[in-house]
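Engineer: sequence below, structure please.
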Amino acid sequence: MKDLRSALELFKEANEVQVIKKEVDWKYELAGVYKKLDGKKVVYFEKVKGYDVSVLSGMLSNRRFLSLLLGVDPSDPMNIIHKLEEAYQRDVLPKKVSSGPCKENIVTGDKTDILKYLPVIHAAYGDAGRYITGGITITKDPETGWCNFSVHRICVVGKNKALLHIDKNRRLGMMLEKAAKMGKDLEIAVAIGVHPLLLLAATSKVQLKSDKFGLAGSFLGEPVELVKAETVDLYVPAHSEFVLEGKLTSRKFEMEGPFQEYPGTYSVVSPAPIFYVSAITFRNNPIYYAIIGGTESHILRGIQGEYAIYKAARAVSPIVKKVYLTPGSLCRHHAIIQIKKEHPDHEGLQRNIMYAVLGAMREVDVVIVVDDDVDIYDLEDVEWAIATRFDAEKDLLIFGRARSHEIIPITEEGIRTKIGIDATVPFDKRDKFKRAEFYDAKLEDYL
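Structural biologist: Residues are numbered from 1 along each chain as shown. Got it, this is the predicted structure:
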């Protein structure tokens, strides 16, 4: 069975794990050490002050790591997108089991104490407190019973009490609104320390065949084993390191934040539903997983975003070859699309593709379309295309006051103007724009 521990072994075999043997403090120090290695190594902290629990982070902090988890060649970033495309075509439905490793220790009632068992970290100086960041929040639609899981930041504010932040236009928020109208709270479970491909499934942005457990099973190539929770009517991954169970208030809120969010700035303080924890279950010698800082969040959301915009753009026309959400835009806000025009009738489709990309992912604020002779992963090459093939009077499209992400500080509650940059060559002028070519010398033959 694939779980967090098997993933850790995979990374160890690939020599991608940095073990920190020195004891670190969960307050500031652990995050500070991790940030020095962010995107370079999976980081395993053996000793955390005040706990007998190790902490792990960074399994999704670069594309090479994700390629390793998915079993694809990392030399072409589009291999990940094609793997996701294949996985979305078939679900591997979960398997319900009677028990599992997450039940090795069960704490309920008055003994429920989040910070006694979980080394929840306080990452940035300006954070409101200690935040759970690397768990999947599992819920059921109170009307339909459809199961969903997603990733949310959770601020621990008491022994069995936490505040769960929900971004605008998220499924969990819609479920909570339904529960409020029905006059009841929402049962939830938070599974921490799952296989990282469950975190990838949690960030899906497109319509699913069944639910995210089916998608996660497709990513893993085997069913996700689920076990019944102790105090709520939900099923949770049986191989989770920790599971928190309880209820999320639908009519009672408290102020949560600030928190260092994915842009590298602090979120605003806003009302959040209260998560009352009724049970904690965990494995023997558990490993606590945390998402620290932005890079892992960027890759996690960005890869699913790339798949969503690739699917939407290809639905317009198969002239779309590659897509890329740039690291400098936090893997969300600037999309580069590579196309190949092969017929006069393909002219103009690049504009239709821009509309499709903006519609597929609300966070995209800039769409740049280039030809297939431009390397979209080389930003210098993309800039060259803009410098030589883009005329602002003819090739700049402006999309006024559209929805983006409210966390971006320049927006007005998430509203901002977006742009499209057409840096493609007009089909009937290809000869004029042909790039200079040189003899492909093999330097080793001359030195």
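Engineer: so where is the chain shaky, pLDDT-wise?
Structural biologist: In the predicted model, the chain carries pLDDT under 70 at residues 207-210.
Engineer: now residue 432: how far from residue 61?
Structural biologist: Here residue 432 is placed at a distance of 43 Å from residue 61 (CB to CB, to the nearest Å). C-betas here are computed from N, CA, C, even on glycine.
Engineer: so the two - more neighbours on which side?
Structural biologist: Counting neighbours by other CB atoms under 10 Å for residue 432 and for residue 61 shows that residue 61 has the greater number, 27 against 8.
Engineer: in which helix or strand would I find the more buried one?
Structural biologist: When secondary structure is defined using DSSP states H and E, no element contains residue 61, which sits outside every helix and strand.
Engineer: shouldn't it be in contact with residue 296?
Structural biologist: Yes: judged on CB atoms under 8 Å, residue 61 makes contact with residue 296 at a distance of 4.4 Å.
Engineer: please enumerate the shared neighbours of those two.
Structural biologist: Counting by CB atoms under 8 Å, 6 or more residues apart in numbering, the common neighbours of residue 61 and residue 296 are residue 38.
Engineer: who touches stretch 94-113?
Structural biologist: Around stretch 94-113, the neighbours that count as contacts under CB under 8 Å, 6+ apart are 3, 117, 159-160, 191, 213-214, 217, 223-228, 230-231, 235-243, 277-284.
Engineer: equivalent analysis for stretch 57-72, please.
Structural biologist: When contacts are taken as CB under 8 Å, 6+ apart, the neighbours of stretch 57-72 outside the stretch itself are 7, 10-11, 14, 16, 34, 37-43, 73-74, 77, 79-80, 82-83, 134, 196-197, 199-200, 219, 289-292, 295-296, 299-300, 303.
Engineer: report how many residues lie close to residue 200.
Structural biologist: By other CB under 10 Å, the residues close to residue 200 number 26.
Engineer: which one's the longest helix in this protein?
Structural biologist: Identified as the longest helix of the chain according to DSSP state H is helix 295-316.
Engineer: and that one, how far from the chain's centre?
Structural biologist: Helix 295-316 sits 10 Å away from the centroid of its parent chain (CA atoms, centre = their mean, to the nearest Å).
Engineer: next, the buried residues of that helix.
Structural biologist: Within helix 295-316, the residues that qualify as buried by neighbour count (16 or more other CB atoms under 10 Å) are 295-314, 316.
Engineer: can you check stretch 196-206 too?
Structural biologist: Using 16+ other CB under 10 Å as the burial criterion, the residues of stretch 196-206 that qualify are 196, 197, 198, 199, 200, 201, 202, 203, 204, 205.
Engineer: could you export those residues as CSV, including distance to residue 424?
Structural biologist: Converted to CSV, the buried residues of stretch 196-206 look like this (distance: CB to CB, whole Å):
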residue, distance to residue 424
196, 37
197, 36
198, 39
199, 36
200, 32
201, 34
202, 35
203, 30
204, 30
205, 26
